[in-house]
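Engineer: Pasting a predicted model and its sequence here:
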Amino acid sequence: MQWNGHEHFRTRLVLSFMSGKAVKITGIRSMDKDPGLRDYEVSFLRLLEKISNGSHIEISHTGTAILVKPGILSGGPITHDCPLSRSIGYFLEPIVALAPFSKRPLMLTLKGVTTDEKDLGVDLIRIGLLPLLTAFGVEDGVELKIKKRGALPGGGGEVQFIAPVVKTLKTINFVNSGRVKRIRGVAHAVRVSPQFSNRMIDASRSILNRFIPDIYIHSDVYKGEDSGKSPGYALSLLAETTEGALFYSEAVSVPRREPRPEDERRKKKDRIFGEDKEPDGPIPVTPEDVALRAARELLLEVQRGGCVDRKHQWIVLLYMVLGSEDVGKVRMGPLTVRSIQFLRDLKEAFGTSFKIVPAVGGADGELLLSCYGTGYTNVNRAVA
């Protein structure tokens, strides 16, 4: 398999390991001022190397092309330090998709930033993604423990992910989303006043209480060593429907920018000329702003409809293709750019196409996707 460009990097590597086909990715930021792989992409390749046995990874001299020949997923206890440029969610999300097909149960410890604005936070993966796996028969022993929290820019967080081994996946038939019956959430604050959690909970309730009374948001305050190296706070929300569909949203505080030496010189210079200018940086966000953003995003996600949150459409599509030799159906809201490209990549890796038709009734843009499963069997487990 051969692809071009740095987009969809992780999902293409996941497809390579699941299909057992070698993948070559070229033209990785070749026209950039700073061409080639970033530190977090190299770190992700190293993590794939750790969780597998016999994998062969080649990176070109300039870093603009890679060749990956996948080995077998070995599992077992593994520890990995993630760079601070991306959060733990960047590394954990694709590993969650791969882990059930290992030789032994995976016990993965990741260290770094637990929540940031670019990737899924660890709370969303714990309360949103892991319950989604149970629909496919991955249920006994799936666990994600948040040992320490770590906010940007210093990090210092630590999570432990435990995944069982499965032989085959169940076929999914999820076409009725139902109505929202309850909202749950986690408000966490590290190295700031514990009141920040309560302020986020009150502000989010001011919007959500208009729609539904059954709301419980847990206040999660970490102290001392467990609170990481930088101050920060975030709110993760989850809406559950009568049929078991899950929708989620998350909002994170903006980290204060670390002062650089040139900023200090500029401040001194400005004081000499009577202008005391602050260096340009992100404007601090109050806990109320964070909560209101999370609440509004959740309502938008529910409005889009479907039975699967758009952040996890790709994992559901992958597991439908890997399911037993039967027709699986799922109802989704409008497909994201990532999901559309993933459908093309799936066809190249497994030769499976989806039948996509507009869903009858429900929100605008809802789609009904169906495909015939490949009957994928965990051969790594059979080798054990």
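Structural biologist: In hand now; what should we look at?
Engineer: For the residue lying closest to residue 293 once chain neighbours are set aside, give the beta-bridge partners.
Structural biologist: In this structure, residue 293 finds its nearest non-sequential neighbour in residue 251, 4.1 Å apart by C-beta to C-beta, 6 or more residues apart in numbering. Every residue, glycine included, has its C-beta placed from N, CA and C. Beta bridges link residue 251 to residue 235, judged by DSSP bridges.
Engineer: residues contacting residue 251?
Structural biologist: Under the criterion of C-beta atoms under 8 Å, 6 or more residues apart in numbering, the contact list for residue 251 reads 234, 235, 290, 291, 293, 294, 297.
Engineer: Kindly recompute the last result at 7 Å.
Structural biologist: By C-beta atoms under 7 Å, 6 or more residues apart in numbering, the contact set of residue 251 is 234, 235, 290, 293, 294, 297.
Engineer: how close does the third one get to residue 371?
Structural biologist: Put plainly, it is residue 290. Counting by C-beta to C-beta, to the nearest Å, the gap from residue 290 to residue 371 is 39 Å.
Engineer: quick one, which of those two is more surrounded?
Structural biologist: residue 290 (24 against 21; other C-beta atoms under 10 Å).
Engineer: Find me the pLDDT at the more buried one, would you?
Structural biologist: Residue 290 is assigned a predicted lDDT (pLDDT) of 92.
Engineer: I'd guessed it sits against residue 249; true?
Structural biologist: No. The pair residue 290 / residue 249 is not scored as a contact, 11.2 Å apart, by C-beta atoms under 7 Å.
Engineer: what's the helix or strand for residue 341?
Structural biologist: In the assignment (DSSP states H and E), residue 341 maps to helix 337-350.
Engineer: list the helices and strands that helix packs on?
Structural biologist: Where contact means 3 or more C-beta pairs under 7 Å, 6 or more residues apart in numbering; DSSP states H and E, helix 337-350 is packed against helix 9-19, helix 313-322.
Engineer: Deepest-packed of those, please.
Structural biologist: helix 313-322 (a mean of 24; mean count of other C-beta atoms under 10 Å).
Engineer: per-residue confidence averaged over that helix?
Structural biologist: For helix 313-322, the mean pLDDT works out to 92.
Engineer: which residues sit against that helix?
Structural biologist: Residues outside helix 313-322 that contact it (C-beta under 7 Å, 6+ apart): 11, 18, 97, 136, 169, 172, 308, 328, 330, 332, 335-336, 338-339, 342-343, 346, 350, 352, 371, 373-374, 376.
Engineer: how about the helix or strand just after that helix: buried residues?
Structural biologist: Next helix or strand after helix 313-322 toward the C-terminus (DSSP H and E): strand 327-332. Buried positions in strand 327-332, judged by neighbour count with 16 or more other C-beta atoms under 10 Å: 328, 329, 330, 331, 332.
Engineer: before we move on, the earlier item: return the distance of the helix holding residue 341 from the chain's centre.
Structural biologist: 18 Å (C-alpha atoms, centre = their mean, to the nearest Å).
Engineer: Show me the contact partners of that helix.
Structural biologist: 1, 8, 11-12, 15, 19, 21, 313-314, 317, 321, 352-354, 374.
Engineer: Recalculate using a threshold of 6 Å.
Structural biologist: By C-beta atoms under 6 Å, 6 or more residues apart in numbering, the surrounding residues in contact with helix 337-350 are 1, 8, 11, 15, 19, 313, 314, 321, 353, 374.
Engineer: Retrieve the pLDDT associated with the nearest residue to the first one once chain neighbours are set aside.
Structural biologist: The reference is to residue 1. Spatially, and ignoring its direct neighbours in sequence, residue 1 is nearest to residue 23 (4.7 Å; C-beta to C-beta, 6+ apart). Per-residue confidence (pLDDT) for residue 23: 93.
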